[in-house]
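1. make a model of this:
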Amino acid sequence: MFKTLQNALKVKELRKKLLFTFWMLVIVRLGSQIPVPGTNSSVIQNILKSNSDAFSFLNSITGGSFESFSIFALSITPYITSSIIMQLLTIAIPALEEMNKDGEDGRKKIAAITRYVTIGLALIQSAALSFSFGNQGLITNPTWFDYLKVVVTLTAGSAMLMWIGERITEKGVGNGISIVLVINIISRIPNDIQALYDQFISGKGVAPAILAIVIIVAIILAVTVFVIYLQDGTRPIPVLYSKKTVGRRMIGGQSSSIPLKVNTAGVIPVIFASSLLSLPSIIGQFFSTKSTVAIKILQFLSPSCWFRSGYDWYISLGYLLYVVMIVAFAYFYTSITFNPNEVSENIKKQGGAVPGIRPGRPTADYFNSILKSLVFIGAIGLLIVCTIPMIIQGVFSMASLSFGGTSMIIVVGVVLETIQQVESQMLVRNYKGFLNN
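-> The predicted structure is shown next:
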């Protein structure tokens with residue numbers, strides 16, 4: 001990675017893109033330190049301490065902006081949500097599906113619709129936060145103008161981050177939205193290191209402290225390597241293309257492969273599952289319910305309670321619901337993003353075939369059988385990565401770590417994707433130089 005970055009800095013064009021990306025990220029982090037006018041962020045901090053599960057993931061992907069209730073408190077979560085919604089609607093609504101297939105113009109129209117949906121979601125989320133927390137002391141002596149000011153500020157902040165992300169994609173390096181998300185997650189690492197230090201090292205003897213450091217570093221490295229293999233793992237499907245005559249030339253007769261990713265759904269199943277599990281806690285936080293049954297339900301849905309002693313045994317069964325949700329969402333998301341029938345037809349039209357498999361329907365069935373195994377393996381991999389931090393937090397009664405399994409998958413995936421993009425741009429530049437010579 002460092003060698004790739006070093007080589008990229010030697011190229012003037014890539015150096016400009018990297019510097020542009022860097023300064024955009026500086027703006028993101030500076031904006032994360034500017035509080036919304038007229039608000040008391042200590043209210044949010046107290047809520048996070050009392051119920052860390054409800055908003056811990058939101059706080060981690062906002063880089064602590066939610067905790068300090070800055071102008072970027074919503075971060076790019078409305079954009080992520082709107083992108084997922086549009087992706088699902090593109091499959092469900094024929095008009096959007098046709099628009100998506102209509103080349104670059106169609107994709108630009110979908111991108112424009114996604115922006116409008118983002119603004120709408122940002123308005124809804126900012127209004128919900130301002131009205132619910134405003135009554136709990138976030139806004140001192142609130143008036144309608146104070147509520148409006150908070151809503152407009154948070155919505156404008158989310159829109160600005162969306163604009164910055166798109167500019168990074170256009171003029172910088174990598175996917176801008178993903179890079180903004182990653183820089184926010186990475187900014188929370190010092191807080192997590194401090195939490196680990198206070199829990200396992202502070203006040204301990206030299207030998208126990210060294211042992212704790214070795215174990216922590218070993219776990220982090222092992223999980224990181226595992227995530228890299230999970231994100232990069234593919235199952236190549238060989239495809240042979242028949243020869244055909246075009247004019248006086250014989251073309252085709254080549255072999256290639258279609259790489260099917262092991263983790264075909266990426267981090268989306270974890271985000272879906274975590275969001276659905278945290279939703280009742282968020283609603284409960286707004287209404288401050290004290291019912292014993294409601295509290296037991298919230299504990300059943302809370303990851304911080306599953307592996308922690310002191311709770312009823314059936315609370316830990318909530319983890320089984322989490323497992324089922326991740327596996328189900330992995331199959332569901334893969335089914336709407338990868339169409340075996342379409343891939344099979346494209347191969348057939350190009351005169352290709354999978355060795356030993358007849359073109360058409362049998363090829364689609366073959367892809368389906370391979371996908372079923374890959375999706376299950378990928379879902380189990382996601383569960384392993386996400387479960388390790390839960391066990392550590394539960395066994396040692398720790399507060400929720402920002403840099404958990406979900407964050408690790410996001411960071412590693414985006415970093416690998418960005419490095420590959422930089423390397424591909426350097427490769428294209430070398431080809432240009434060869435052609436120019």
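
2. which stretches of the stretch 1-150 of the chain form strands?
-> Read by DSSP state E, counting those that start in this stretch, the stretch 1-150 of the chain holds no strands at all.

3. pLDDT weak spots in it?
-> Within the stretch 1-150 of the chain, the stretches with pLDDT under 70 are 1-9, 50-54.

4. same deal with the stretch 201-350 of the chain?
-> For the stretch 201-350 of the chain (pLDDT under 70), the answer is 242-254, 282, 284-291.

5. can we see that at 90?
-> Along the stretch 201-350 of the chain, the parts satisfying pLDDT under 90 run over 201-319, 322, 325, 329-350.

6. what segments of it are strands?
-> Under DSSP E, counting those that start in this stretch, the stretch 201-350 of the chain gives strands at 234-241, 244-246, 249-251, 255-261.

7. export those to JSON lines and tack on distance to Val323 and mean neighbour count?
-> No exception for glycine: its C-beta is placed from N, CA and C like everyone else's. Shown next, in JSON lines, are these (distance: least, Cβ to Cβ, whole Å; neighbours: other Cβ atoms under 10 Å):
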{"stretch": "strand 234-241", "distance to Val323": "23", "mean neighbour count": "15"}
{"stretch": "strand 244-246", "distance to Val323": "49", "mean neighbour count": "9"}
{"stretch": "strand 249-251", "distance to Val323": "50", "mean neighbour count": "10"}
{"stretch": "strand 255-261", "distance to Val323": "21", "mean neighbour count": "14"}
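
8. right, and the ones you listed - which one's nearest Ser65?
-> strand 255-261 (31.5 Å; Cβ to Cβ).

9. what angle do the lengthiest helix in the chain and strand 234-241 make?
-> If each helix of the chain is counted by residues according to DSSP state H, the longest one is helix 361-395. Angle between the axes of helix 361-395 and strand 234-241 is 170 degrees (criterion: axes from the mean of the first three to the mean of the last three Cα atoms, to 10 degrees).

10. so what secondary structure elements neighbour helix 361-395?
-> The elements that helix 361-395 packs onto, with contact taken as 3 or more Cβ pairs under 8 Å, 6 or more residues apart in numbering; DSSP states H and E, are helix 206-232, strand 234-241, strand 255-261, helix 268-287, helix 303-306, helix 318-337, helix 340-349, helix 405-436.

11. just send the ones you listed back as CSV, with distance to Val36 too.
-> Compiled in CSV, the helices and strands packed on helix 361-395 are given as follows (distance: least, Cβ to Cβ, whole Å):
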stretch, distance to Val36
helix 206-232, 34
strand 234-241, 44
strand 255-261, 40
helix 268-287, 19
helix 303-306, 28
helix 318-337, 33
helix 340-349, 46
helix 405-436, 24
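
12. which of the ones you listed sits closest to Leu138?
-> Of all the helices and strands packed on helix 361-395, it is helix 268-287 that lies closest to Leu138, at 12.3 Å by Cβ to Cβ.

13. and that closest one, C-alpha only, in PDB?
-> Output of helix 268-287 as PDB, limited to C-alpha atoms (Å, rounded to 0.1, in the frame of the first residue of the first chain):
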ATOM      1  CA  ILE A 268     -24.900  -4.400   3.500                       C
ATOM      2  CA  PRO A 269     -26.400  -7.400   5.500                       C
ATOM      3  CA  VAL A 270     -24.600  -6.200   8.700                       C
ATOM      4  CA  ILE A 271     -25.900  -2.600   8.200                       C
ATOM      5  CA  PHE A 272     -29.500  -3.900   7.600                       C
ATOM      6  CA  ALA A 273     -29.400  -6.200  10.600                       C
ATOM      7  CA  SER A 274     -27.800  -3.600  12.900                       C
ATOM      8  CA  SER A 275     -30.200  -0.900  11.800                       C
ATOM      9  CA  LEU A 276     -33.300  -3.100  12.400                       C
ATOM     10  CA  LEU A 277     -32.100  -4.200  15.800                       C
ATOM     11  CA  SER A 278     -31.200  -0.700  16.900                       C
ATOM     12  CA  LEU A 279     -34.500   0.800  15.700                       C
ATOM     13  CA  PRO A 280     -36.600  -0.300  18.800                       C
ATOM     14  CA  SER A 281     -33.800   1.100  21.100                       C
ATOM     15  CA  ILE A 282     -33.900   4.400  19.200                       C
ATOM     16  CA  ILE A 283     -37.700   4.600  19.500                       C
ATOM     17  CA  GLY A 284     -37.500   3.600  23.100                       C
ATOM     18  CA  GLN A 285     -35.000   6.400  23.700                       C
ATOM     19  CA  PHE A 286     -37.400   8.900  22.200                       C
ATOM     20  CA  PHE A 287     -40.400   7.800  24.400                       C
END
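
14. mind listing what the closest residue to Gly413 other than its chain neighbours touches?
-> Distances taken as Cβ to Cβ, 6 or more residues apart in numbering put Gln231 closest to Gly413, at 5.0 Å, once the chain neighbours are dropped. Gln231 sits next to Asn263, Ile409, Val412, Gly413, Leu416 when contact means Cβ atoms under 8 Å, 6 or more residues apart in numbering.

15. so who does the third one touch?
-> This points to Val412. Neighbouring residues of Val412 by Cβ under 8 Å, 6+ apart: Thr224, Val227, Ile228, Gln231.
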